[in-house]
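Chemist: have a look at this prediction, sequence included:
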Amino acid sequence: MNNINSLSIKNQRKAIGILGGLLPIILIVGNYLVGNCGLPPSISDTFYSPTGMIFVIFMGSMGMFFLNDPCYTVGERIAFTIAGISAILVAMFSCNHTTSYTCVRFLIPDNAIRNLTHYISASVFFLSLAYLCLFEFPKITHSHTHNKRIRNRIYIICGILILCSIIAKLLGANTLLIEVTALEPFAIAFLTKGDIIYPDKKQA
């Protein structure tokens with residue numbers, strides 16, 4: 001793969017990592033500043049809040065970055081495509097509003113199919129990220145340097161944290177907490193893949 005394509009892939013992954021890492025911070029802080037709102041029950045519930053459009057734009061943008069990423073391997077291409085479609089579906093099909101969350105700008109009628117589509121898409125999205133971190137990103141390349149070995153450990157730790165978050169959700173853990181503990185490792189993994197964290201030293 002030539003240097004131009006490699007640079008394009010790294011820039012795409014930096015963008016994905018930045019969007020994923022900033023998403024919960026901007027939504028929570030933004031709602032507090034704009035509407036003096038407390039913590040939402042979940043990231044998805046912010047769809048109805050003052051920062052709802054930001055949620056849609058961020059998820060949609062991440063989806064497009066995933067779908068347009070050139071990718072290094074067939075496995076990456078499949079996982080990126082699944083993650084991209086899932087992210088866009090999360091943005092398009094909102095969850096039903098949680099009645100305990102009063103920081104809302106608008107409401108739409110509950111719909112079981114829309115709600116199910118949202119949560120299935122979110123689950124598939126996080127599972128795709130875990131797969132990438134655990135199986136695709138750590139693959140040995142032609143430059144298996146000391147920093148590459150460190151990056152591989154970062155990918156695996158991030159993948160495990162994402163999987164643990166999914167399991168914790170199944171066991172009834174707080175939704176907002178598990179979403180944040182899945183999104184931030186996802187962001188770290190992609191920033192690492194984009195050569196922000198432990199990049200290989202350029203040869204003179």
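Modeler: Sure, I can see it.
Chemist: by mean pLDDT, flag the weakest helix or strand of this structure.
Modeler: Lowest by mean pLDDT, DSSP states H and E among the helices and strands of the chain is helix 3-35, with a mean of 90.
Chemist: ok, and what's touching stretch 118-135?
Modeler: 44, 75-76, 79-80, 82-83, 86-87, 89-90, 93-95, 155-156, 158-160, 162-163, 165-166, 182, 185-186, 189 (C-beta atoms under 8 Å, 6 or more residues apart in numbering). Where C-beta positions appear, they are placed from N, C-alpha and C, glycine not excepted.
Chemist: mind giving me the PyMOL select for those, buried ones only?
Modeler: Buried residues within the contacts of stretch 118-135, by 16 or more other C-beta atoms under 10 Å, are selected in PyMOL with:
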select buried, resi 44+76+79+80+82+83+86+87+89+90+93+94+95+155+156+158+159+162+163+165+166+182+185+186+189
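Chemist: sort out for me which of the contacts of stretch 118-135 are in helices.
Modeler: 75-76, 79-80, 82-83, 86-87, 89-90, 155-156, 158-160, 162-163, 165-166, 182, 185-186, 189 (DSSP state H).
Chemist: is it true that residue 111 touches residue 94?
Modeler: No - using C-beta atoms under 8 Å, residue 111 is not in contact with residue 94, being 9.1 Å away.
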